[in-house]
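In: My questions concern the predicted model and sequence given below.
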Amino acid sequence: MHIEMARPLCTCCCCASSTRVLPLLLIDTRGEARLSLDGTSFNPAVIEGNADVFNNPHFIMEKRGWQPDQEAVTCPLCKCKFGGLKRRHHCRQCGLVVCNKCCNEKVPLPQLGIEEPERVCEACRPVTSAVTKSRSHIPAVQQAAASELSLLCKNDRNMNLIFQYGGFHTLLGLAGGSLRQANEDILAAVVNALHTLSTNEPVQSYMAQSRIIPALCQVLEKTQPNKGKILMDGLSALTIYCKSQAFLNTVLDSGGLSAILPLCRCPDGTVALMAVSLLSVLLENPATHAALVDGRGEALRNLLSLVNVDNAQMQAVALKCLNYVSMGKDWNKHRIIQEDFSCGRPLLAVVRTETINMQVWANAACLVANLATSQEDQTSLAENRDALLDIVKSDVTNFDLLRNVIRGIANFAKFQQNSAKILSALPHMSRHCMTHEDVAVRLSALRAVLHLLQHETEATLTQLLIEGASDMLRTLTGAGDVMNAMFAAISQTHPDLSRPL
């Protein structure tokens, strides 16, 4: 509920002497949620009517109530005591009683529905003046407003004022307007400011409720690929919201995935890397996989084409994205394998190429290991399987790489058609993996051998008797959970207790 308060209640100098009728002020009695920044608690601006300021840049804010004269003993800005020579004046923006020295400038306030210049105190003036300038139809004046607000955002002392007096909403409005007018200079300053504001965790929920996420998605989707600064700031800001589970669904519902995917192939390598990094954050959520796998056909293909670029960091992140997708449904794995063939087998090329960048090699082996669980694609993966076997035979020492390689071999060993090939690597697995100091390596090797015993019993036993039987049994007995599961399975058909004949 809102109660109107007429001006005659105020007897300050500027009000008592004025003959001009001023608009009525409103007191907000709804108990709006307060924000807090750096220990300062305040009520943020409230928008009248349509609160989608990105598409409604000429919004009107609700006016704040005026401080009663009798409560004002000293000026809150200069601390001088009011008296016969120090008269009281109301700031039309914040409503506080201040002295003439601290409130001697007048500014039009169209954002409050006041077109004529009115007194604004020195504390409110920088933000209020910039917000007022933003309403100009002259691009240069709008540019000045955007630059001033962007500069104010970089000073923590101004941060609460940005939110109290419409600076944040003005930035959203300027973002929408500059996109529609294709004014890249204004957009650059605005997006930079929105990124700065987004780094303040206490106000992120308020900003999200004010629709900053859809605004950022539209900026990324409609900005030209050669505008790297705008795209970098937009991606950086959106990354902040993507990393919070509270905002992730909003990002997806706002078209975040479709805005990010084209940027993964941006000619600007820095923008492309940041886009792929952000994509990896989104793909941690399985709900996003379908959009990549079943959406626009080029999305998955473009991501796979990044696997074999001449940039190790890009390769590692692209492989990370594909690994998240490969952990989902078998259809996801099948589509990755299909597109890998369409792109000229980049995954196979990376797995086969020895590199000093172990993260790239390990991520590639991890992806092959995940894909190896797909029964229908075993024939298509035969060369990838052989590449993993070659790595094992080379006696690789890197733990991360070896964990994924031997896990992949164990996954391939599950299918009988791979048994003969994997048997050729059994001496190496027995010699280096069964006795490895890393338990994950030992257990994956054990799993591979157990699958071989299941499919090629005699050949596997023959090989183990030559080398590896004792190591396999030692690994088996050292795996307590595996032993307990075996005992439990045997007890199901051959229990400890039995009825007499």
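Out: Thanks, I have it.

In: CA only for contacts and neighbour counts going forward, please
Out: OK.

In: Which residue comes closest to residue 460 once chain neighbours are left out?
Out: The spatially closest residue to residue 460, leaving aside those adjacent along the chain, is residue 453, at 5.8 Å (C-alpha to C-alpha, 6 or more residues apart in numbering).

In: these two touch, right, the one you found and residue 461?
Out: Yes - the pair residue 453 / residue 461 is scored as a contact, 7.2 Å apart, by C-alpha atoms under 8 Å.

In: Which strands and helices lie in contact with the helix or strand harbouring the residue nearest to residue 460?
Out: Using DSSP states H and E, residue 453 sits within helix 439-455. Helix 439-455 sits against helix 399-413, helix 419-423, helix 457-466, helix 469-478, with contacts defined as 3 or more C-alpha pairs under 8 Å, 6 or more residues apart in numbering; DSSP states H and E.

In: try 7 Å this time
Out: The contact analysis (3 or more C-alpha pairs under 7 Å, 6 or more residues apart in numbering; DSSP states H and E) places helix 439-455 against helix 399-413.

In: ok and the helix it packs on relative to helix 439-455, angle-wise?
Out: Angle of helix 399-413 versus helix 439-455, following axes from the mean of the first three to the mean of the last three C-alpha atoms, to 10 degrees, is 20 degrees.

In: ok, longest strand in the chain?
Out: Assignment by DSSP state E gives strand 114-120 as the longest strand of the chain.

In: So which bits of that strand are buried?
Out: Within strand 114-120, the residues that count as buried by 16 or more other C-alpha atoms under 10 Å are 118-120.

In: immediately after it, which helix or strand?
Out: Using DSSP H and E, the helix or strand that follows strand 114-120 in sequence is helix 125-133.

In: how about the CA coordinates for the helix or strand just after that next one, as CSV?
Out: With elements assigned by DSSP H and E, the helix or strand that comes after helix 125-133 is helix 139-153. Only the C-alpha atoms of helix 139-153 are listed here, as CSV (Å, rounded to 0.1, in the frame of the first residue of the first chain):
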residue,chain,number,x,y,z
PRO,A,139,23.6,9.8,-28.3
ALA,A,140,26.6,11.8,-27.0
VAL,A,141,24.7,12.7,-23.8
GLN,A,142,23.7,9.1,-23.4
GLN,A,143,27.3,8.1,-23.9
ALA,A,144,28.3,10.5,-21.2
ALA,A,145,25.7,9.0,-18.9
ALA,A,146,26.9,5.4,-19.5
SER,A,147,30.6,6.4,-19.0
GLU,A,148,29.7,8.3,-15.7
LEU,A,149,27.8,5.3,-14.3
SER,A,150,30.5,2.9,-15.4
LEU,A,151,33.1,5.0,-13.5
LEU,A,152,30.8,5.3,-10.4
CYS,A,153,30.4,1.5,-10.3
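
In: Buried residues, helix 139-153. List them.
Out: So for helix 139-153, counting by 16+ other C-alpha under 10 Å, buried means 141-150, 152-153.

In: Show me what the mean pLDDT comes to for that helix.
Out: Per-residue pLDDT over helix 139-153 has a mean of 95.

In: Which elements pack onto it?
Out: helix 125-133, helix 184-198.

In: Next, the angle helix 184-198 makes with that helix.
Out: 20 degrees.

In: could you point out which element follows helix 139-153?
Out: helix 159-164.

In: roughly how far apart are residue 306 and residue 312?
Out: For residue 306, the distance to residue 312 (C-alpha to C-alpha, to the nearest Å) stands at 10 Å.

In: can you check residue 428 too?
Out: 29 Å.

In: and if you look at residue 259?
Out: If you go by C-alpha to C-alpha, the gap between residue 259 and residue 312 works out to 24 Å.
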